[in-house]
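J.: model the following, please.
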Amino acid sequence: ETLNGDDGSVTVIGAVSPPGGDISEPVSQGTLRIVKVFWGLDAGLARQRHFPAINWLNSYSLYPQSLDQWFRDNIAQDFPEIRTQISGLLQIEAELQEIVQLVGSDALPVDQQLTLEVARMIREFFLQQNGFDPVDAYCDIKLQYEMAKAILSFQEAAKTAMADGALLNDVVNVPARSNLMRGRFEEGYIERIEAMVKEMNEQIADAVEAN
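T.: Modelled structure (predicted):
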């Protein structure tokens, strides 16, 4: 709490650029021991214009266990579980991409193709930000939770619809899903996201009847 009564936090970032990207050298290791968080910048993501260009596979934080109760008390009871599911999907995507590079995504079972689509949604809708956009440059932690929950809601709705006969392309291309992903650039998104998710799920359910 600040002197004027506002709540806030202080973030300390140590930027280390070791020769050859070798983070096993002493300065990098000393920094990691102090901050207990690692954001690995990725030149490949930067070339793809994916910003922040932070590699989600080798980056980490040692604070979750210390903060999980705060997130449960102040954001949502299932916040840690949602975070774990999102992280797990990105790990699965990395494993599937090795197969995709050999045989192509069309050779994968349809449930794994859906996993790739959900992971793409995580990357483009949740992780990617436009620092020059006045709305998208900042994201409240409660909105982050709602966005992550929306992604998992899409996954569950798509699985259910596909089990009942809907096609992957039909559930992926429902208009409400595109509206949901574009909505983050608009003011007041956090007030509308729940209704947008509901509309998306209804359109996905309708895809079953279309088939």
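J.: what residues of the strand of greatest length in the chain count as buried?
T.: Longest strand in the chain by number of residues, with DSSP state E as the criterion: strand 54-61. Across strand 54-61, burial judged by 16 or more other C-beta atoms under 10 Å covers Trp56. (Each C-beta comes from the backbone N, C-alpha and C, glycine too.)
J.: same deal with stretch 200-211?
T.: For stretch 200-211, using 16+ other C-beta under 10 Å, the buried residues are 200-201, 203-205, 207-208.
J.: so which of those residues are in strands?
T.: Per DSSP E, the buried residues of stretch 200-211 never map to strands.
J.: which parts of this protein are strands?
T.: Along the chain, counting by DSSP E, strands occupy 37-41, 54-61.
J.: confidence-wise, which of those is weakest overall?
T.: With a mean of 91, strand 37-41 has the lowest mean pLDDT of these.
J.: what are the contacting residues of that strand?
T.: 23, 32, 53-55, 58-63 (C-beta atoms under 8 Å, 6 or more residues apart in numbering).
J.: swap the cut-off to 10 Å and go again
T.: Contact partners of strand 37-41, identified using C-beta atoms under 10 Å, 6 or more residues apart in numbering, comprise 11-17, 21, 23, 28, 31-32, 52-63.
J.: repeat for stretch 151-159
T.: With C-beta under 10 Å, 6+ apart as the test, stretch 151-159 has contacts from 81-82, 85-86, 89, 111, 114-115, 117-119, 121-122, 125-126, 146, 166, 168, 170-172, 174, 176-177, 180-181, 194, 197-198, 200-205, 207.
J.: which positions within that stretch qualify as buried?
T.: Buried, per 16+ other C-beta under 10 Å, within stretch 151-159: 151-155, 157-159.
J.: mind naming the longest helix for the protein?
T.: Longest helix in the chain by number of residues (criterion: DSSP state H): helix 79-103.
J.: residue contacts, Asn201?
T.: Counting by C-beta under 10 Å, 6+ apart, Asn201 has contacts 150, 153-154, 156-158, 160-161, 174, 176-177.
J.: if we use 6 Å, what do you get?
T.: Ala157 (C-beta atoms under 6 Å, 6 or more residues apart in numbering).
J.: ditto for the one 3 residues further on
T.: The contact partners of Ile204, by C-beta under 6 Å, 6+ apart, come to 157, 161, 171, 174.
J.: which of those residues fall in helices?
T.: Using DSSP H, the subset of the contacts of Ile204 located in helices is 157, 161, 171.
J.: and which of those residues is nearest Leu45?
T.: Val171 (27.5 Å; C-beta to C-beta).
J.: for the closest one, which non-adjacent residue is spatially closest?
T.: Ala158 (4.4 Å; C-beta to C-beta, 6 or more residues apart in numbering).
J.: one more: Leu57?
T.: Leaving out its chain neighbours, the residue that sits closest to Leu57 by C-beta to C-beta, 6+ apart is Ala94, at 5.8 Å.
J.: Asp106 now?
T.: Spatial nearest neighbour of Asp106, excluding adjacent residues (C-beta to C-beta, 6+ apart): Gln113 at 7.9 Å.
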